[in-house]
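Student: Make a model of this:
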Amino acid sequence: MLTDEEVKSLLSMRDVIQAVEQAFIEKSLGRVQMPPKVYLFYRKYGGDLRAMPAYLEKYDVSAVKIVNSHPENRVRYGLPTVMAVVVLVNPMNGFPLAIMSGKALTDMRTGAAGGVAVKHLARKDARIVALIGAGAQARTQLEALIEVCEKLEEVRVWSPDETKNIFVAETQNKYGGIISIVAVESVQEAVRGADIVITATPSTKPLVMDSMVSSGTHFNCIGADAPGKQELDPAILKRSKIVVDDIEQAVHGGEINVPISHGIITTKDIWAEIGEIVAGIKKGRECPEEITVFVSTGLAVQDAVTAKIVYDRAIEKGVGRFIKLV
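Tutor: Modelled structure (predicted):
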């Protein structure tokens, strides 16, 4: 068994990016089993729970994650918005190899997915980043960007509350010698002239409007991960190359779910899954003026490969504790 702090201590963003990139390739080549997420909606509490199983056949890695999303948790209970438990299973006999906290793991693998998308879809000369949202996911998205962007200079952070100032204080201590990180007072101030825009809020209405967006921008849409959630003006999607992590999940609960349900766009407007681009099956960015959008819903294969990193390092370093379950 592994606590969240132990999991966090065993992961590096560079390694998780590499593992997630391989997981995307395996999915694109049809060598994974990954049923759609199963949702339970706790409507009277304003939250939900998801179950996410996966098996990567080539690597013989299998895991199941249960993960919640309760946006009011911090205010109401002093708890994280997202918490999770991951069970890593031996495919040979079904034995549960490890039970680990999935919060840090989820943050890291989602940040890593954003890093993979930026690597393959953003302009190579990207210098300015807009972060819409200043929670845990904004932190790992930024960590991944620093791994994959060679020319990053400025990060503008917006949130509707004081979390943006807390974010800036924390990240300036960590990255201040590398890039400038500033809090701004409006979404427009963050997005105007940005090369990369990352949206990581629980919003159910558009925050980034089409008039704010320049040609050549890349979007990582992270926050919309359930039906009814959206962060972008659908007009942006109408003029963008749309790349998703998984078509079925994206249509159900990603950034495109509301525009599709309203008939503004259709599945024909989806260019590719990210794994197809990473594997070279389809092209990523084809010209500097393209607007590209990565719709991230979070895949169970990402959890599985990240959990395997944690498990291997825990065994190697003697981290965690053994309990007898079977």
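
Student: Check the spacing between the closest residue to residue 232 other than its chain neighbours and residue 320 real quick.
Tutor: For residue 232, ignoring the flanking residues on the chain, the nearest one in space by Cβ to Cβ, 6 or more residues apart in numbering is residue 208 at 5.2 Å. (C-beta placed from N, C-alpha, C; glycine too.) Counting by Cβ to Cβ, to the nearest Å, the gap from residue 208 to residue 320 is 41 Å.

Student: ok, the two, which is more surrounded?
Tutor: residue 208 (25 against 19; other Cβ atoms under 10 Å).

Student: ok, now which ones touch residue 97?
Tutor: Counting by Cβ atoms under 8 Å, 6 or more residues apart in numbering, residue 97 touches 88, 89, 90, 311.

Student: The closest residue in space to the second one that isn't next to it in sequence pairs with what?
Tutor: To tie it back to what came earlier, the one meant is residue 89. Leaving aside its sequence neighbours, residue 89 sits nearest to residue 62 (Cβ to Cβ, 6+ apart; 4.8 Å). For residue 62, the beta-bridge partners under DSSP bridges are residue 55, residue 89.

Student: Next up, the contacts around residue 62.
Tutor: 53, 54, 55, 56, 88, 89, 90, 91, 304.

Student: Rebuild those residues as JSON lines, extending it with distance to residue 44.
Tutor: Output for the contacts of residue 62, formatted as JSON lines (distance: Cβ to Cβ, whole Å):
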{"residue": "53", "distance to residue 44": "27"}
{"residue": "54", "distance to residue 44": "30"}
{"residue": "55", "distance to residue 44": "35"}
{"residue": "56", "distance to residue 44": "37"}
{"residue": "88", "distance to residue 44": "33"}
{"residue": "89", "distance to residue 44": "33"}
{"residue": "90", "distance to residue 44": "39"}
{"residue": "91", "distance to residue 44": "38"}
{"residue": "304", "distance to residue 44": "32"}
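
Student: My guess is the residue nearest to residue 232 contacts residue 236. True?
Tutor: Yes - counting by Cβ atoms under 8 Å, residue 208 touches residue 236, with 6.8 Å between them.

Student: Between the two, which contacts overlap?
Tutor: residue 219.

Student: just to revisit the earlier point, of the contacts of residue 62 - the most surrounded one?
Tutor: Within the contacts of residue 62, most neighbours by other Cβ under 10 Å means residue 304, with 28 neighbours.

Student: Name the SS class of residue 87, please.
Tutor: Under DSSP: H, G, I helix; E, B strand; the rest coil, the three-state class of residue 87 is strand.

Student: What is the burial count for it?
Tutor: Neighbour tally, residue 87, other Cβ under 10 Å: 17.

Student: so what pLDDT did it get?
Tutor: You'll see residue 87 listed with a pLDDT of 98.

Student: wouldn't it be in contact with residue 94 here?
Tutor: No - with contact defined as Cβ under 8 Å, residue 87 does not count as touching residue 94 (10.7 Å).

Student: Strands of this structure, residue ranges please.
Tutor: 32-33, 38-42, 47-56, 61-69, 84-89, 96-101, 128-132, 154-158, 180-183, 196-199, 218-221, 241-244, 270-273, 292-295 (DSSP state E).

Student: These: lowest mean pLDDT?
Tutor: Averaging pLDDT over each of these puts strand 38-42 lowest, since it has a mean of 93.
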